[in-house]
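Student: Give me a 3D structure for the following:
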Amino acid sequence: MFQSTSTRSQIPSAGFTSGLSTRFFEKLQPVMGVKGAFMARWYTGKMLMFLGSVYAAHYYFKYSKNDWTRRGGWKVHVSRQAVLPGQEGFPNTGDRQHHWDYYDRGFQNRSVFKGGAY
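Tutor: As a prediction, the model looks like this:
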């Protein structure tokens with residue numbers, strides 16, 4: 001006879017959450033029907049996984065920026081505002097005046113190793 005090797009018996013929290021969702025959606029079956037309750041349960045799990053991945057990606061993008069102190073993280077480049085002829089501030093030359101202003105990655109705002117020409 002085939003025996004199931006489910007991980008629910010090995011992970012107590014998975015069995016607990018599965019039991020809660022089963023009891024909750026069993027109460028929805030008279031209102032939504034069996035198929036509707038099953039679809040609601042399935043989509044609820046998928047949406048929670050999607051929301052968790054969106055939160056994780058947002059956290060990673062916000063707090064794992066690449067700067068001059070480390071090699072990892074996201075490299076964020078911000079472009080200048082597009083200004084067309086006739087608009088206020090038309091020749092938008094930007095705030096980069098010296099060659100060391102390009103690809104700075106927060107180096108000029110450092111609090112250590114200051115001195116010299118910087």
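
Student: for stretch 95-109, what is the average pLDDT?
Tutor: Confidence for stretch 95-109, expressed as mean pLDDT, is 80.

Student: Measure how far it is from the centre of its chain, please.
Tutor: 28 Å (Cα atoms, centre = their mean, to the nearest Å).

Student: Can you measure across it, start residue to end residue?
Tutor: This stretch, stretch 95-109, spans 15 Å end to end (Cα to Cα, to the nearest Å).

Student: again, but for stretch 85-96
Tutor: Using Cα to Cα, first and last residues of stretch 85-96 are 21 Å apart.

Student: For it, which outside residues touch it?
Tutor: 80-84, 101-102 (Cβ atoms under 8 Å, 6 or more residues apart in numbering). Any C-beta I mention is one placed from the backbone N, CA and C, and that applies to glycine too.

Student: Am I right that residue 72 falls within a strand?
Tutor: No - assessed with DSSP: H, G, I helix; E, B strand; the rest coil, residue 72 is coil; it does not lie in a strand.
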